[in-house]
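1. Predicted model follows, preceded by the sequence.
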Amino acid sequence: MVRPLALVLVLVAAAAVSAEAGHEIPYYPSFYPQEIAFGVADPTAAPRLLAKGSIHANNGPLTAPKGAADLAWVESLRAFVVLTFNPASRTFADAREHCATAAQLTPTIVATKSELVVSPYPVTPWHDDYAYHADLVETAKARPATAGAALRLRALRGFSGLAPGPTWRSADREWDATLEEVPLAELLRDEMTRLNGWMGPPWLKEGWFHAYLLYARTVADAAARSVIGEMLLRRTQGGYASPAERVNLERRLVSALTRDCERVPIGYSLRREAVNDSYSEGVENVGYDAQAGLGSGVFFRTVKLKDFPWNGWLRVATAARPGAAWNPIAGFTDEAGALVWSVLGDAALLPEPYGVGWLPNRVRAVEVAGSVEVPRDALAPEPSTGALRAAAPGAVAQQRVTYRVALSKFHDETKMSVADLVYPYVFAERWGGKGQPVSRASAFLREWLAAVRVVKTDTEVRDFGDLQVLLETPVVEVYLRHAAEPAEAPAIAPPWSPVPWQLVVLMEEAVTRGLAAFSEDEARRRGVPWLDLARARKLVEALGSIAESFERRAYVPEALKGMVTVEQARQRWAALRRFHRKHGHWLVTSGPYRLQKWSADGATLAVFRDLSYPNVVGSFDRWALPRRAWIAGIDRRGDRLELQVDAQTLTKFERSYKIVREPMRLAPTGEKAHDTVVARWTAVGAGDEVVATGRAQEVEAGRLIVDLKGKLPPGAYRILIGPELNGNSTNAEVKVISYRVAE
């Protein structure tokens with residue numbers, strides 16, 4: 001049975017008309033113009049809808065055969081499979097038996113589930129940090145299986161209805177262990193931060209972090225829990241002196257989490273999603289995320305239609321109708337809503353799709369500095385009120401991140417300003433205290449943020465031939481109480497908001513008056529509607545009278561006085577009200593598309609033609625069609641390892657392409673190369689201690705060189721080597737070799 005498409009997101013693009021220049025000029029949005037249909041379709045029917053061109057992509061796993069005509073497939077990490085032992089079991093009371101029992105059970109479990117990949121270690125090849133754990137993975141795979149009493153197995157999510165096997169029997173009331181599949185999205189649900197353009201935590205995609213979330217709650221010993229908590233704090237707050245010490249900390253954390261085998265990793269399962277790849281009516285230039293798949297911002301910023309790429313319509317099917325409220329503070333929380341918001345509202349940064357870094361979207365970190373004194377003209381939001389105060393004399397921050405922020409117009413035609421960048425910090429403190437509605441979502445930012453300082457605003461010129469557009473780019477310093485990895489620090493508290501300050505104030509007033517609540521939990525607790533800026537008609541109408549009052553008063557919140565004049569405030573409120581009268585909703589953002597139409601089952605987003613929008617077509621193309629690399633051979637020459645590299649090469653012909661694996665032609669160091677390949681190496685010595693780790697990119701005679709001279713003391717080592725091609729470390733094949741340094 002095929003259910004009707006539930007959510008249709010339409011993105012329409014055309015040429016922009018310049019009244020000043022008196023002629024048409026090209027419009028350059030952040031990604032290719034398209035219609036995106038997120039709909040409800042039975043997984044067995046989705047391939048047929050794809051083949052007919054009714055949808056172009058299916059956001060969610062499909063079971064269709066790999067050879068289905070005109071379909072291309074992407075894979076991403078979907079879930080973990082774990083075996084959790086019952087502390088009350090008498091048969092398996094000894095924790096030492098747990099791992100051996102799980103090893104015996106695994107082969108027969110795998111036989112019942114074809115998409116399950118065996119992995120007796122929490123960090124998988126779909127994690128970027130797998131390259132630091134590959135030797136421990138091999139050790140876990142070599143763990144001996146021990147035959148014993150038949151396990152009374154309780155099969156839950158993903159395994160319900162599992163028939164008894166040779167080493168287990170089904171159980172319900174009295175059980176020895178539970179077998180279940182834990183979806184990654186569910187694991188991250190209470191840990192992921194999504195708050196008005198902020199996304200985190202910075203280690204959102206790391207394997208060690210996923211292991212902590214999956215296993216920490218099952219550790220029974222209080223002393224072990226204390227040690228685990230201490231290691232987590234050290235890892236997340238920079239409590240290490242070198243990269244090698246950081247990797248050791250992560251390895252020890254994972255080992256401590258799984259040491260007693262109270263919960264045992266069995267493997268993981270993948271999500272296979274399909275796109276229409278037909279020659280004419282299909283799509284191309286597809287990017288996706290190694291863990292979120294097609295449900296990621298990078299997909300919508302790369303994919304384009306083969307026919308009519310500039311003015312066409314793209315339709316994407318999803319598994320469920322939109323149910324969550326549409327507000328940028330604590331809404332858009334379901335699958336359909338998250339996809340709408342990923343197009344409608346810009347995030348400050350986006351997760352790197354095939355690694356663990358962060359991609360600049362609307363803010364770019366230009367410097368990450370160590371411990372520094374906080375300048376007196378920096379502003380620190382006051383706890384509970386959010387009032388901006390001068391930083392305390394002599395205050396020291398453990399880290400300073402300097403950003404350049406790409407401003408543009410909002411959908412109500414007002415220009416973004418520094419006030420829009422600063423007000424989210426005020427909001428987080430005002431509404432994030434204990435018992436407040438966004439306490440959990442803002443906790444991380446409030447813990448880390450020390451102060452923020454607007455240094456200056458630069459003016460840049462974008463040249464369109466006979467038309468020049470002036471772009472304002474503020475330079476903002478953010479001071480942090482703790483130190484993070486340089487690749488992680490930019491995502492902690494970037495100066496950004498995808499919506500104007502006056503819309504945030506309007507939402508605050510609605511919540512203050514008891515008309516709505518920001519979050520679903522708060523709405524349920526208070527017995528009021530969940531704040532929705534478009535689909536809740538009574539609330540939308542009520543907001544109109546509040547906005548009218550604020551316009552008459554030229555209202556400026558106390559925290560922004562001195563940054564916003566009375567006239568600027570009046571103009572902002574008037575523009576917001578005009579937008580509402582014209583479009584019937586309040587969802588004003590600075591994204592390249594705006595909400596135009598909606599219903600219970602769908603929504604239409606139309607392009608917002610604004611030449612100040614910073615991300616032109618092609619900005620994210622390097623993340624389309626990810627390719628892999630392999631270490632085909634390793635030769636030792638003295639203190640150096642010389643690596644032969646194979647890689648996937650892409651050959652395009654008109655609207656078709658072919659990817660094949662072949663020996664990679666590496667350009668000599670210093671010459672410009674079309675592709676970038678890096679070898680991450682880690683040296684593990686006695687006691688499984690990491691002695692050194694690094695990244696090698698030097699090329700000689702067509703080989704990648706890992707130079708270990710002077711980096712290791714005498715002794716025996718295991719060297720872990722994993723390749724990255726153009727930043728893609730997904731599903732990497734990591735080599736583990738023996739290496740000795742003589743006395």
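-> In hand now; what should we look at? This one's a predicted model, so the numbers in the text were calculated from it and none came from an experiment. Numbering: from 1, shown residues only.
2. Now residue 658: phi and psi?
-> According to degrees, to the nearest 10, the main-chain angles of residue 658 amount to phi -140, psi 140.
3. Specify the beta-bridge partners of it.
-> residue 651 (DSSP bridges).
4. What is the neighbour count of it?
-> Under the neighbour criterion other C-beta atoms under 10 Å, residue 658 is assigned a count of 9. C-beta: built from backbone N, CA, C; applies to glycine.
5. Residue 51 versus that one, what's the distance?
-> Applying C-beta to C-beta, to the nearest Å, the value for residue 658 to residue 51 is 21 Å.
6. ditto for residue 174
-> According to C-beta to C-beta, residue 174 and residue 51 sit 50 Å apart.
7. out of these two, which sits in the more crowded spot?
-> Neighbours were counted for residue 174 and for residue 51 using other C-beta under 10 Å; residue 51 has more, 17 against 12.
8. isn't there a strand covering residue 412?
-> No - residue assignment for residue 412, taken from DSSP: H, G, I helix; E, B strand; the rest coil, gives coil, which places it outside any strand.
9. Could I get the pLDDT score of it?
-> Here the pLDDT value assigned to residue 412 is 96.
10. now do residue 45
-> Value for residue 45, per-residue pLDDT: 81.
11. what about it, how many neighbours?
-> Residues lying near residue 45 (other C-beta under 10 Å) number 15.
12. same question, residue 393
-> Residue 393 is flanked by 8 other residues according to other C-beta under 10 Å.
13. Work out for me the element it sits within.
-> When elements are assigned from DSSP states H and E, residue 393 belongs to no helix and no strand.
14. check contacts around the closest residue to it other than its chain neighbours.
-> Nearest in space to residue 393, with sequence neighbours left out and distances taken as C-beta to C-beta, 6 or more residues apart in numbering, is residue 376 at 6.7 Å. If a contact means C-beta atoms under 8 Å, 6 or more residues apart in numbering, then residue 376 has 390, 391, 393 as its contacts.
15. which stretches of the protein have low pLDDT?
-> 1-41, 64-67, 93, 147-148 (pLDDT under 70).
16. what are the bridge partners for residue 561, then?
-> Bridge pairing for residue 561 (DSSP bridges) gives the partners residue 564.
17. The residue nearest to residue 393 falls within a helix, correct?
-> No - with three-state DSSP as the criterion, residue 376 is assigned coil and is not in a helix.
18. residues of stretch 230-248 that come out buried?
-> 231-232, 234-240, 243-244, 246-248 (16 or more other C-beta atoms under 10 Å).
19. err, stretch 436-448, not the other one
-> 436, 437, 438, 439, 440, 441, 442, 444, 445, 446, 448.
20. quick one: the nearest residue to the fourth one once chain neighbours are set aside from residue 46, how far?
-> Distance criterion C-beta to C-beta, 6+ apart; nearest residue to residue 439, sequence neighbours excluded, is residue 432 at 5.3 Å. Here the criterion is C-beta to C-beta. By it, residue 432 lies 41 Å from residue 46.
21. Spatially central, which residue of the chain would that be?
-> To find the centre residue of the chain, average its C-alpha atoms and take the closest one (C-alpha atoms, centre = their mean): that gives residue 351, at 3.9 Å.
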